[in-house]
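> Sequence first, then the predicted structure:
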Amino acid sequence: MKISNNKDDYSSEKDILFNERKNVNSQEDRKKRLASMLRKNLHRRKEQARLKD
C-alpha cells in the first residue's frame, strides 16, 4: 500500500510539473504572439508614414 502511495505522489508531482510547464509554454506563446503583432503593426505604420510623405 505504501508503494502505491509513493506512486500516486510521483504521478501528482508529474502533473504539477506538467501544469507548470504548460503555463510557461502559454506565457511564451503569448509573448511570441504579442511580438509578432507589434512587428506587423510597426511595419504597417512605417508603410503608412512612407506613403504619407
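Done, it's in.

> If you average the pLDDT over the helix or strand containing residue 20, what comes out?
Element membership for residue 20, per DSSP states H and E: helix 2-52. When the per-residue pLDDT values of helix 2-52 are averaged, the result is 83.

> where's that helix relative to the chain centroid, distance-wise?
When distances are taken as CA atoms, centre = their mean, to the nearest Å, helix 2-52 is centred 0 Å away from the chain's centroid.

> what about residue 46, how many residues close to it?
10 (other CB atoms under 10 Å). C-beta: built from backbone N, CA, C; applies to glycine.

> Likewise for residue 42?
A count of neighbours around residue 42, defined by other CB under 10 Å, yields 10.

> again, but for residue 23
10.

> same question, residue 49
As a burial measure, residue 49 scores 9 neighbours (other CB under 10 Å).

> got it, and the one 3 residues further on?
A count of neighbours around residue 52, defined by other CB under 10 Å, yields 6.

> before we move on, back to that, can you spell out which helices and strands pack onto the helix holding residue 20?
Helix 2-52 is packed against no helix or strand, with contacts defined by 3 or more CB pairs under 8 Å, 6 or more residues apart in numbering; DSSP states H and E.

> Provide a list of residues in contact with residue 42.
By CB atoms under 8 Å, 6 or more residues apart in numbering, residue 42 lies in contact with nothing.

> Quick check: the gap between it and residue 29.
Distance from residue 42 to residue 29, counting by CB to CB, to the nearest Å: 20 Å.

> With residue 20 instead?
Distance, residue 20 to residue 29, using CB to CB: 15 Å.

> do residue 43 as well
As judged by CB to CB, residue 43 and residue 29 stand 21 Å apart.

> now residue 14
Counting by CB to CB, the gap from residue 14 to residue 29 is 22 Å.

> Same check on residue 23?
11 Å.

> same question, residue 52
To residue 29, residue 52 is 35 Å away according to CB to CB.
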